[in-house]
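**Student:** Test case, fold it:
(one chain, ligands or ions: 1)
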Amino acid sequence: MDLGIKGRKALVCAASKGLGRGCAFSLAREGVDVTITARTPGPLEATAEEIRKETGVTVTAVACDITTEEGRQQALAACPDPDILVNNAGGPPPGDFRDWDRDDWIKALDANMLTPIFLIKATVDGMIGRRFGRVVNITSGAVKSPIDILGLSNGARAGLTGFIAGLSRKTVRHNVTINNLLPGPFDTDRLRSNLKTRAKAAGVSEEEMLRIRAEENPAGRFGTAEEFGDMCAFICSAQAGFMTGQNFLMDGGHYPGTL
Ligand code: NAP
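**Tutor:** Numbers count the residues shown, from 1 in each chain. Predicted coordinates:
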């Protein structure tokens with residue numbers, strides 16, 4: 001299936017590794033020129049080079065912290081008028097809410113709520129003017145099914161989800177859709193480092209914890225960044241102009257509810 005986005009431009013945030021990288025690859029395979037960001041230059045440039053080699057599209061790498069105003073300006077200077085925006089950043093740390101002060105909350109809100117909102121603010125009117133735009137926010141399965149120790153993430157992402165629910169109904173008339181993609185367990189560095197902590201606490205090996213958690217999922221495995229990226233690319237396709245304000249959960253069936 002041709003997704004009809006060849007020649008479009010995408011800004012994919014936090015994309016040297018994991019889910020963001022998966023999205024950048026899938027969009028590039030569809031012929032989209034991508035600007036990718038991450039804080040650490042080495043892995044970012046390595047990913048940029050891999051994408052260039054495999055797909056032949058134009059790849060621009062911007063090493064910056066996307067959760068800061070300065071970082072966002074750097075990313076937008078490299079890609080001022082994206083047709084596609086994939087919002088992503090690292091997730092906040094786990095913990096007990098009694099230990100979090102105002103700074104912890106502001107950091108989480110900056111990363112997982114305000115950064116996507118400011119990037120949308122900077123790009124959405126251009127998309128509306130060109131009558132094509134696709135925004136995908138990488139959030140979390142925890143939006144549907146909150147995880148107690150991830151209170152900072154639950155709170156910040158719920159705020160973003162509420163905001164998007166309103167805005168997305170205002171832009172779709174102009175062929176600009178805004179949707180959220182909710183990962184369950186995907187095999188990335190973040191998942192592995194989270195499970196390392198859990199393995200230590202449970203007194204089992206890392207490999208054993210990985211096996212247990214994969215087996216617990218109805219799919220009997222974790223998701224892959226490639227699957228996630230391909231879903232993102234479809235949401236960004238020309239064909240997906242009638243879907244907006246949705247929360248697409250990809251979790252192998254882990255969430256048990258009917259809705
Ligand atoms: P990952 O494998 O750790 O990759 C994170 C990527 O984001 C890296 O490229 C990292 O590069 C970049 N990054 C982190 N903070 C950044 C910042 N402030 N500015 C720019 N780039 C930044 O993580 P992931 O598993 O793909 O997770 C992506 C998002 O999905 C996170 O918000 C996570 O909480 C959420 N999520 C993931 C899962 C899962 O199972 N994997 C499940 C639910 C939710 P640098 O470190 O070099 O900046």
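**Student:** Counting by contacts, list what the helix or strand Leu76 falls within packs against.
**Tutor:** Using DSSP states H and E, Leu76 falls within helix 69-78. Secondary-structure packing of helix 69-78 (3 or more C-beta pairs under 8 Å, 6 or more residues apart in numbering; DSSP states H and E): strand 33-38, strand 59-63, helix 115-130. In this view, the C-beta of every residue, glycine as well, is placed from N, C-alpha and C.
**Student:** Please work out the average pLDDT along the last one.
**Tutor:** Just to be clear, that refers to helix 115-130. Computed over helix 115-130, the mean pLDDT rounds to 98.
**Student:** Any part of that helix near the ligand?
**Tutor:** No - Helix 115-130 does not reach the ligand (C-beta under 6 Å from any ligand atom); its nearest approach is 8.0 Å.
**Student:** Flag every buried residue along that helix.
**Tutor:** Neighbour counts over helix 115-130 (16 or more other C-beta atoms under 10 Å) mark Thr115, Pro116, Ile117, Phe118, Leu119, Ile120, Ala122, Thr123, Val124, Met127, Ile128 as buried.
**Student:** could you show me where the helices are in the stretch 101-250 of the chain, in order?
**Tutor:** With DSSP state H, counting those that start in this stretch as the criterion, the stretch 101-250 of the chain has helices at 102-109, 115-130, 151-171, 189-202, 206-216, 225-235.
**Student:** any chance of those in a markdown table, plus distance to Gly252?
**Tutor:** Output for the helices of the stretch 101-250 of the chain, formatted as a markdown table (distance: least, C-beta to C-beta, whole Å):
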| stretch | distance to Gly252 |
| --- | --- |
| helix 102-109 | 26 |
| helix 115-130 | 25 |
| helix 151-171 | 20 |
| helix 189-202 | 13 |
| helix 206-216 | 9 |
| helix 225-235 | 10 |
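**Student:** and those helices, which is most packed in?
**Tutor:** Sort those by mean neighbour count, taking mean count of other C-beta atoms under 10 Å, and helix 225-235 sits at the top with a mean of 21.
**Student:** what does the protein put close to the ligand?
**Tutor:** So the chain meets the ligand at 14-20, 37-40, 65-67, 88-91, 138, 140-141, 183, 185-186, 188-191 (C-beta under 6 Å from any ligand atom).
**Student:** Go again with 5 Å.
**Tutor:** 14, 16-19, 38-40, 65-67, 89-91, 138, 140, 183, 185-186, 188-191 (C-beta under 5 Å from any ligand atom).
**Student:** Select only the buried ones of those residues in ChimeraX?
**Tutor:** Per 16+ other C-beta under 10 Å, the buried members of the residues of the chain next to the ligand correspond to this ChimeraX selection:
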select :14,16,17,18,19,38,39,65,66,67,89,90,91,138,140,183,185,186,188,191
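**Student:** Just the ones of the residues of the chain next to the ligand in strands?
**Tutor:** Counted as lying in strands by DSSP state E, out of the residues of the chain next to the ligand, are Ala38, Ile138, Pro183.
**Student:** Identify the residues contacting whatever residue of the stretch 51-200 of the chain ends up closest to the ligand.
**Tutor:** The stretch 51-200 of the chain approaches the ligand most closely through Gly91 (2.2 Å), counting by C-beta to the nearest ligand atom. Residues in contact with Gly91 (C-beta atoms under 8 Å, 6 or more residues apart in numbering) are Ala111, Asn112, Ser140, Leu150, Ser153, Arg190.
**Student:** Likewise for Ala89?
**Tutor:** Cys13, Ala14, Ile66, Thr67, Ala111, Asn112, Thr115.
**Student:** just Ala38 next, same as before
**Tutor:** Counting by C-beta under 8 Å, 6+ apart, Ala38 makes contact with Ala14, Ala15, Ser16, Lys17, Gly20, Leu44, Thr47, Ala63.
**Student:** mind running it again at 7 Å?
**Tutor:** Residues near Ala38 by C-beta atoms under 7 Å, 6 or more residues apart in numbering: Ala14, Ala15, Ser16, Leu44, Ala63.
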